[in-house]
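*Asks:* Provide a 3D model corresponding to the input given below.
(one chain, ligands or ions: 1)
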Amino acid sequence: MKTVIEALTFRHACKKFNSEKKISKKELETILKAACLSPSSFGMEAWKFLVLESKKVREKIRPVCWDQPQVTDASHVIVILARPDLVEPSNAYIKDMFMRRKLPEDLTLAYIEKYKWYMETEVLPIMTPYAWCAKQCYIALANIMTTAASMGIDSCPMEGFEKVKLEKILNIDKEKYEVAVLVALGYRAGEQTPRLRHTGEKLIEYR
Ligand SMILES: Cc1cc2nc3c(=O)[nH]c(=O)nc-3n(C[C@H](O)[C@H](O)[C@H](O)COP(=O)(O)O)c2cc1C
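*Replies:* Model prediction:
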């Protein structure tokens, strides 16, 4: 396994996958474990990871994913689904998530109140529950890509898709789930494109 910095250096948005080379079940399980270990605000884990192995399914969705070849040439595509239905402050799920911490009852109630207050004053006035969940799905996305890279597996994050059409083709239960982002995983077919980045000087400020 590569170190974190080695993995981050190895990772690039892979545009050209070797369609013959598959990720092993064990490697895929490690990548999915990283996804499930990702942090989420208040620990709500309002996501789901839909793994597309079937080439047929990936051929079906490719046209609504801007016809990107990564969709069919990669070994797997993970569709990261947000669960906006779960995070509404009134949902019983919220209570369950705090209860599982097995804290004293007054502390559990205080957490629930804090959550409600936070959602009502800080989140919902400026974004939808979907947007809030999707932000967190991107943390799982990053962990998926870094973990894959640590094992020499390439990836491509993908926002280039038509959401409504994609959800329809994948038969997503819209009462519960919405597509946040996709990630293709596999092995590169060609050379990595040059890494273009601003310098730290431009992006980092100390105070
Ligand atoms: C949220 C997100 C969505 C992206 N969507 C696509 C996409 O649909 N197709 C694609 O080829 N690259 C996509 N990219 C890759 C970026 O273009 C790429 O990360 C960026 O140009 C930097 O290149 P690098 O990742 O190789 O360093 C996406 C990246 C992110 C973070």
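
*Asks:* pLDDT wise, what is the closest residue in space to Ser150 that isn't next to it in sequence at?
*Replies:* Nearest residue to Ser150, sequence neighbours excluded (CB to CB, 6 or more residues apart in numbering): Ala7, at 4.1 Å. C-beta here means a position set from N, CA and C on the backbone, and glycine is covered the same way. Ala7 carries a pLDDT value of 97.

*Asks:* Secondary structure element holding Ala7?
*Replies:* Using DSSP states H and E, Ala7 sits in helix 4-10.

*Asks:* same thing with Leu141?
*Replies:* Counting by DSSP H and E, Leu141 is part of helix 129-150.

*Asks:* Ok, Pro157 next?
*Replies:* Per DSSP H and E: strand 154-158 holds Pro157.

*Asks:* For the next helix or strand after that strand, which outside residues touch it?
*Replies:* The first helix or strand that comes after strand 154-158 along the chain, using DSSP H and E, is helix 163-169. The contact list for helix 163-169, computed with CB atoms under 8 Å, 6 or more residues apart in numbering, reads 60-61, 64-65, 79, 174, 177-179.

*Asks:* Next, format those as TSV and append secondary structure, neighbour count and pLDDT.
*Replies:* As requested, the contacts of helix 163-169 are exported to TSV (DSSP: H, G, I helix; E, B strand; the rest coil; neighbours: other CB atoms under 10 Å; pLDDT from 0 to 100):
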residue	secondary structure	neighbour count	pLDDT
Lys60	helix	16	98
Ile61	helix	20	98
Val64	helix	19	98
Cys65	coil	23	98
Val79	strand	22	99
Lys174	coil	11	96
Tyr177	coil	21	98
Glu178	strand	22	98
Val179	strand	22	98
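
*Asks:* Tabulate those (JSON lines), appending distance to Ala134.
*Replies:* Listed next are the contacts of helix 163-169 as JSON lines, based on distance: CB to CB, whole Å:
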{"residue": "Lys60", "distance to Ala134": "23"}
{"residue": "Ile61", "distance to Ala134": "19"}
{"residue": "Val64", "distance to Ala134": "18"}
{"residue": "Cys65", "distance to Ala134": "17"}
{"residue": "Val79", "distance to Ala134": "12"}
{"residue": "Lys174", "distance to Ala134": "15"}
{"residue": "Tyr177", "distance to Ala134": "12"}
{"residue": "Glu178", "distance to Ala134": "8"}
{"residue": "Val179", "distance to Ala134": "9"}
